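> Predicted coordinates and the sequence they were generated for:
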Amino acid sequence: MIYNDPRRFGFMTLVERNELETHPLFAQMGLEPLGNALNGELLAELFKDRKTPFKSALLNQKFIAGLGNIYVCEALWRAGIDPRRAVGTLAKKSAKSKAEAELLAVSIRDVLEDAIRSGGSSLKDHVQTDGSLGYFQHSFAVYDREREVCRKDGCSGIVERIVQSGRSTFFCPRCQR
Ligand SMILES: [Zn+2]
């Protein structure tokens, strides 16, 4: 096994299987984004009354586990949600809000599935077990595309980069509301 962590966010530890649920690193872990539980209703409930911006809430592993910066940016773009907006706005009872919450849940799942299918997002020297590079980075809609034209059909917005909680956020100010 080779452990290569070019972005230096990770670390490794060994845990007995029966201690996984109670292990300090896992006990606080949020929803599994690819599990069946993730849907619009649950997201709305999870984010109810919170003023946290979407970007920070989705990056918070206590809500949803395993969503990194790139995938949060991409999921919010797919869902047409402004990363600066408060997550509590998702909990409104209107049909429009419910549809939006559902679209966000679907967008999170889709972006992860698309990335996995593409072999992940290769950053410099990241390689697959067979030595090939992941290529999801070629499918980014907003991430790392500052000042480029938005890829959404019919949108002529220009992708902007801002910094939120010390991390780069890429979004289209025209179609993400
Ligand atoms: Zn756009």
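Okay, I see it.

> Do you have the strands of this protein handy? List them.
160-164, 167-171 (DSSP state E).

> which of those sits most buried?
strand 167-171 (a mean of 20; mean count of other CB atoms under 10 Å). Bear in mind the C-beta positions are built from the backbone N, C-alpha and C, glycine included.

> now the strands of the chain in a markdown table, with mean pLDDT and distance to the ion?
Converted to a markdown table, the strands of the chain look like this (pLDDT from 0 to 100; distance: least, CB to the ion, whole Å):
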| stretch | mean pLDDT | distance to the ion |
| --- | --- | --- |
| strand 160-164 | 97 | 10 |
| strand 167-171 | 96 | 9 |
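
> for those, which one sits closest to Cys73?
strand 167-171 (5.0 Å; CB to CB).

> For that closest one, name the packing helices and strands.
helix 54-59, helix 69-79, strand 160-164 (3 or more CB pairs under 8 Å, 6 or more residues apart in numbering; DSSP states H and E).

> now the longest one, how far from the centre of its chain.
The chain centroid and the centroid of helix 69-79 are separated by 5 Å, computed with CA atoms, centre = their mean, to the nearest Å.

> Check the shortest one too.
For strand 160-164, the distance from its own C-alpha centre to the chain's C-alpha centre is 15 Å (CA atoms, centre = their mean).

> so Gly66 sits right up against Leu31, yeah?
No - at 9.3 Å, Gly66 does not count as touching Leu31 under the criterion of CB atoms under 8 Å.

> Which of those two has more residues huddled nearby?
Leu31 (20 against 13; other CB atoms under 10 Å).
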